[in-house]
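# Sequence and predicted structure, then a few things I'm wondering about:
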Amino acid sequence: MKTNFHTNTQRCRHAQGCAEDYLRAALDSSLSVLGFSDHAPFPDFDYGYRMPFSELEEYIAEVAKLKRDYVGKISLYTGLEIEYLPQYESYYEDLKGKYHMDYLLLGEHFFVDSEQKIFNITTGAPNTEKYLEYADAVSQALKTGFFDAVAHPDIFTMSPLPWDRNCDAATDRILEAAAAWGMRPKIHADELASSGGVVVGVKHGALSVDHLESMTEETIETLRGSETMPTALPGTSFFLNMPNAKARQIIDAGLGVAVASDYNPGSTPSGDMKFVMSLACIKLRLLPNEAFNAATINGAYAMGQSKEYGSIAKGKVANFYITKPIPSLDFIPYAYTTPIVNKVVLGGKLQNL
C-alpha cells in the first residue's frame with residue numbers, strides 16, 4: 001500500500017500546485033491513501049509560510065469536494081500540519097471538533113522556550129541546550145493528545161552545531177514521548193554516513209530504519225532479534241549515484257528487508273515500484289522472489305500495515321493488480337521498462353486505467 005499523509009499545497013506559500021494536482025499525481029503513482037496536511041493558520045497571528053486563517057474553510061471545502069469527486073478511486077483525508085503553542089489549546093480542540101479535521105500533524109518549527117519566547121528552531125540554535133528545550137516542547141505537545149503523528153521531529157538537526165550528548169538526549173526524549181502515546185518511529189538512518197541511526201531505531205523499537213546506504217556489516221548485527229525492518233531505497237542510490245544498501249548481506253544474515261521508492265523531488269523523483277524491484281535485483285543482488293516480498297509484505301510491515309495489506313489473503317484489503325501475460329515472476333524485474341499492468345483492484349473494486 002502506498003500512502004502519503006504529509007502533503008503541502010500552494011496554500012502553504014512554499015509549494016506549488018493545488019490539491020487536485022497532488023491528487024492526480026498520487027493516482028498516477030498508484031497511491032491508495034492521500035492525506036492533505038497544509039501548514040495550519042493561527043486565528044490571530046500569521047507565523048509565516050502557511051495559509052491565512054481566512055482560507056481555512058475554503059481549504060476544508062476543497063478537500064471535501066475532492067473526496068466526493070474521487071470516491072472509490074483513492075482514500076482522502078483532511079489534515080493540517082501545525083506547531084504546538086500552549087495558548088492555543090482551545091483552537092486545537094476546534095480543529096478536531098468544529099472543523100472536523102481527520103488528523104493533525106505536529107510540525108514543531110517553533111515553540112515556547114525557557115524564556116517564554118517563541119523560538120524558531122529552523123533558523124539555527126545558539127547551542128545544543130536549545131535542542132533539549134525543543135524536545136521538551138515536542139513531548140509536551142504529544143501529552144495533550146491533539147496530535148496523531150509528528151512530522152520531521154529531527155528538524156532540530158538543521159543547525160550546523162556539532163553532534164553531542166545533548167543531541168542524543170533530545171532524540172531519546174522525543175522518541176520516548178512518542179512511545180508513551182503509542183507512536184512508533186520510522187528512522188531515516190545511515191544514508192550519508194554510518195550515523196548510528198540504526199542503533200537508535202532498534203533501541204526505541206522503530207517500525208523501520210530507512211535508507212541504509214552507509215550501513216556497515218557490523219550494524220546489521222544490531223537488527224538481530226529486533227522487530228525493526230531495514231528498508232532499502234535503491235532509487236535514491238540510482239538517482240544520486242550513491243552506494244547501495246547491503247540488502248543481500250541483510251538477507252544472508254537471516255533477516256528480512258523491505259524496499260521502497262523514497263518518492264520525493266529532492267532525491268528520487270519516481271514512485272515506480274516495478275523499477276525499484278528491478279534495482280533491488282540488479283544493484284542489491286536480491287532474487288526476484290526476494291525483491292517481490294521486500295516490496296509487498298515486508299513493505300507493509302515497515303508501515304505497520306501487514307495485518308491488512310501486503311499480501312492476498314482472507315481478511316486483508318483486496319489491493320492487487322493483474323498483469324498482462326508474462327512468463328514468470330522473474331519477468332517483472334527483468335523487463336524493467338516494459339508495462340505489465342492489465343487491471344488494478346483497490347479495496348476490492350476494479351479501477352479504470
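Received, thanks.

# all helices of the chain, in order?
For the chain, applying DSSP state H gives helices covering 19-28, 56-69, 89-96, 129-144, 165-180, 197-203, 217-223, 234-240, 247-252, 273-282, 288-295, 297-302, 331-334.

# possible to save these as JSON lines with mean neighbour count?
In this view, the C-beta of every residue, glycine as well, is placed from N, C-alpha and C. Output for these, formatted as JSON lines (neighbours: other C-beta atoms under 10 Å):
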{"stretch": "helix 19-28", "mean neighbour count": "17"}
{"stretch": "helix 56-69", "mean neighbour count": "14"}
{"stretch": "helix 89-96", "mean neighbour count": "15"}
{"stretch": "helix 129-144", "mean neighbour count": "19"}
{"stretch": "helix 165-180", "mean neighbour count": "18"}
{"stretch": "helix 197-203", "mean neighbour count": "21"}
{"stretch": "helix 217-223", "mean neighbour count": "16"}
{"stretch": "helix 234-240", "mean neighbour count": "21"}
{"stretch": "helix 247-252", "mean neighbour count": "19"}
{"stretch": "helix 273-282", "mean neighbour count": "22"}
{"stretch": "helix 288-295", "mean neighbour count": "21"}
{"stretch": "helix 297-302", "mean neighbour count": "22"}
{"stretch": "helix 331-334", "mean neighbour count": "18"}
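
# could I get the ones you listed as CSV with mean pLDDT and distance to Arg13?
Formatted as CSV, the helices of the chain follow (pLDDT from 0 to 100; distance: least, C-beta to C-beta, whole Å):
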stretch, mean pLDDT, distance to Arg13
helix 19-28, 93, 15
helix 56-69, 97, 13
helix 89-96, 97, 19
helix 129-144, 96, 23
helix 165-180, 93, 27
helix 197-203, 93, 31
helix 217-223, 93, 40
helix 234-240, 96, 28
helix 247-252, 98, 39
helix 273-282, 97, 32
helix 288-295, 98, 36
helix 297-302, 96, 33
helix 331-334, 96, 41
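
# and the ones you listed as a markdown table, adding distance to Asp210?
As requested, these are arranged in a markdown table below (distance: least, C-beta to C-beta, whole Å):
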| stretch | distance to Asp210 |
| --- | --- |
| helix 19-28 | 20 |
| helix 56-69 | 28 |
| helix 89-96 | 30 |
| helix 129-144 | 20 |
| helix 165-180 | 15 |
| helix 197-203 | 9 |
| helix 217-223 | 13 |
| helix 234-240 | 10 |
| helix 247-252 | 12 |
| helix 273-282 | 13 |
| helix 288-295 | 13 |
| helix 297-302 | 8 |
| helix 331-334 | 21 |
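
# Leu346 is nearest to which of these?
helix 19-28 (10.2 Å; C-beta to C-beta).

# Report the angle between the closest one and helix 56-69.
40 degrees (axes from the mean of the first three to the mean of the last three C-alpha atoms, to 10 degrees).

# who's in contact with helix 19-28?
Residues outside helix 19-28 that contact it (C-beta atoms under 8 Å, 6 or more residues apart in numbering) are Asn4, Thr7, Thr9, Leu34, Phe36, Glu62, Val63, Leu66, Tyr70, Lys73, Ile74, Leu76.

# could you redo the last one with a cut-off of 6 Å?
Contacts to helix 19-28, defined as C-beta atoms under 6 Å, 6 or more residues apart in numbering, come from residues Thr7, Thr9, Leu34, Phe36, Glu62, Val63, Leu66.

# now stretch 47-58
Under C-beta under 6 Å, 6+ apart, the answer for stretch 47-58 is Arg11, Cys12, Arg13, His14, Asp38, His39, Pro41, Pro43.

# For the last one, grab the count of nearby residues.
The burial count assigned to Pro43 is 10, neighbours taken as other C-beta atoms under 10 Å.

# quick one: the residue nearest to it when sequence neighbours are not counted and Leu223, what's the gap?
Excluding the flanking residues, the one nearest Pro43 by C-beta to C-beta, 6 or more residues apart in numbering is Phe53, at 5.3 Å. Distance, Phe53 to Leu223, by C-beta to C-beta, to the nearest Å: 46 Å.

# do Leu85 as well
Going from Leu85 to Leu223 by C-beta to C-beta gives 39 Å.

# Ok, Leu233 next?
Where Leu223 is concerned, Leu233 sits at a distance of 17 Å (C-beta to C-beta).

# For Ala64, which non-adjacent residue is closest in space?
Counting by C-beta to C-beta, 6+ apart, the residue nearest Ala64 is Thr78, at 7.1 Å.

# Confirm for me that that neighbour is in contact with Asp102.
Yes - Thr78 is within contact range of Asp102, at 5.1 Å (criterion: C-beta atoms under 6 Å).
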